[in-house]
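> Kindly generate the corresponding structure for this input.
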Amino acid sequence: MRPGKLRRYYIKTYEELYLAVDRRMRAISILRTRKNKQLSALRTTLLAKLGTAFNILKSEIDKLDSLIKDLSKSHSFYREIFTLETGKYPEDLSPVIKKMKRSISIIYREHRIRIKQSREKREAVIAFRSGIGRLLSVYRRRRRVIESIKYAVAELSKLPDIVDGYTVIIAGMPQVGKSTLLSKLTRAKPKISPFPFTTKTVIVGHILVEPYGRITLVDTPGILDRPIDKKNPIELKAVLAVKHLADTVLYMFDPSPQSYYSFDEQIRVYRSIVELIENKEVVPVFNKIDLTPRELLESRASLLERIYGSKPLQVSALRGDNLDRLRDLLIDKFMEKTRHLLRRF
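Just a heads-up that it's a prediction; the model follows:
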């Protein structure tokens, strides 16, 4: 499910639902009739009002049910993001929604019978008021859950469509040149969107691989830029969500003497990301090679290869050095995944 499609789901708060029920019921007036028919007319009116309230609630809960089903089938990245606000995966909330549906149906049937069988006006009114109160209480008791779902969906709908084709996460500490690399590798201007439930952003660009599709490059400033043990719980959950998103991670180093962070600090973050990503490929990239003496470049590349068995790709994002090699590497990985998917059909 694409984030933009979530915008079609507008979930009412309890207050909005209450006002909608009240407004619709007020529009139903009691029929004027002869004195001996007044109880029958009152019953008819109260049944119509009760039915209206039930239908509004049922429509809203059905919408919640449909939303939860769609989210349950969405990419694991979006499901992880959903938990940042709700504390639960969409599928874990499905029984809650189904119980709400059963409850309002039982309440509606019970109070319809009570109104129909009432023998005086007071009895009919008491049955009606009890029914309305109980129907609304089903929604009211779950207001916190409903409001967290509403907020989560609103935040998710702001995300760009980043689960598509082949996804590359650009990681690394601040000031290593991630945004420069992203802008140089992609044709169009990268799109900047808020990262749900954090003060961070997500920056997205694409490499078109015609006619097969596109590679999505994602820079998440503040998410994969420092050791995991330094993050707060919300940031850590955001990291876990990004883990589900990535096909490949490009980890960028600044090996130059002018680097904002020491090489040891950059190695420490690299190690934490390699351990977190586990079965996903992490490709080390040395940026700013034009600012790094050859001897220092070679010694730091050898150190990385000796410890982690990974030979870094060396580029200058600003000057464009070796960016064609990096782009070709990503296209090769994209085509490998595409061929693998085609073999499954």
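
> Just the mean pLDDT for the lengthiest strand in the chain, thanks.
In the chain, taking DSSP state E as the definition, the longest strand is strand 201-209. Averaged across strand 201-209, pLDDT comes to 85.

> which other helices and strands contact that strand?
Applying 3 or more CB pairs under 8 Å, 6 or more residues apart in numbering; DSSP states H and E, we find strand 201-209 packed against helix 178-185, strand 191-194, strand 213-219, helix 323-343. In this view, the C-beta of every residue, glycine as well, is placed from N, C-alpha and C.

> check which helix or strand covers residue 38.
Under the criterion of DSSP states H and E, residue 38 resides in helix 38-72.

> buried stuff in that helix?
Going by neighbour count (16 or more other CB atoms under 10 Å), the buried part of helix 38-72 is 39, 42-47, 49-50, 52-54, 56-58, 60-61, 63-65, 67-68, 70-72.

> and if you look at stretch 287-296?
Buried residues in stretch 287-296 (16+ other CB under 10 Å): 287, 288, 289, 291, 292.

> Would you mind putting these into a markdown table with secondary structure, distance to residue 192 and pLDDT alongside?
Formatted as a markdown table, the buried residues of stretch 287-296 follow (DSSP: H, G, I helix; E, B strand; the rest coil; distance: CB to CB, whole Å; pLDDT from 0 to 100):
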| residue | secondary structure | distance to residue 192 | pLDDT |
| --- | --- | --- | --- |
| 287 | coil | 21 | 95 |
| 288 | coil | 23 | 95 |
| 289 | helix | 27 | 94 |
| 291 | helix | 27 | 94 |
| 292 | coil | 29 | 93 |
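
> out of those, who's nearest residue 130?
Proximity of the buried residues of stretch 287-296 to residue 130 (CB to CB) peaks at residue 287, which lies at 69.3 Å.

> Neighbouring strands of the longest strand of the chain in the sheet, and parallel or not?
Strand pairing for strand 201-209, determined by DSSP bridges: strand 191-194 (antiparallel), strand 213-219 (antiparallel).

> Excluding its own residues, what touches that strand? List them.
If you take CB atoms under 8 Å, 6 or more residues apart in numbering as the criterion, strand 201-209 is touched by 159-160, 162, 165, 179, 182-183, 185-188, 190-195, 214-222, 327, 330-331, 334-335.

> Please state the offset of that strand from the chain centre?
Centroid separation for strand 201-209 versus its chain: 17 Å, with CA atoms, centre = their mean, to the nearest Å.

> same deal with stretch 85-94?
Relative to the centre of its chain, stretch 85-94 is centred 12 Å away, using CA atoms, centre = their mean.

> Over to it now: how far is its first residue from its last?
Criterion CA to CA, to the nearest Å; first-to-last residue distance in stretch 85-94 is 16 Å.

> ok, now stretch 83-91?
11 Å.

> Of all the residues in that stretch, which ones are buried?
Applying 16+ other CB under 10 Å to stretch 83-91 flags 83, 84, 85, 86, 89, 90 as buried.

> Closest one of those residues to residue 261?
Distances from residue 261 to the buried residues of stretch 83-91, taken by CB to CB, are shortest for residue 84, at 27.4 Å.

> immediately after whichever helix or strand the closest one is part of, which helix or strand?
Element membership for residue 84, per DSSP H and E: helix 76-86. Downstream of helix 76-86, the next assigned helix or strand under DSSP H and E is helix 90-116.

> tell me the mean pLDDT over that next one?
Rounded mean pLDDT across helix 90-116 is 97.

> for stretch 38-46, same thing?
90.

> CA atoms only for it - export them in CSV, please.
Extracted in CSV, the C-alpha atoms of stretch 38-46 (Å, rounded to 0.1, in the frame of the first residue of the first chain):
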residue,chain,number,x,y,z
GLN,A,38,-48.5,8.5,19.8
LEU,A,39,-46.6,5.6,21.4
SER,A,40,-46.4,3.9,18.0
ALA,A,41,-45.1,7.1,16.4
LEU,A,42,-42.6,7.6,19.2
ARG,A,43,-41.3,4.1,18.8
THR,A,44,-40.9,4.6,15.0
THR,A,45,-39.0,7.9,15.6
LEU,A,46,-36.7,6.5,18.3
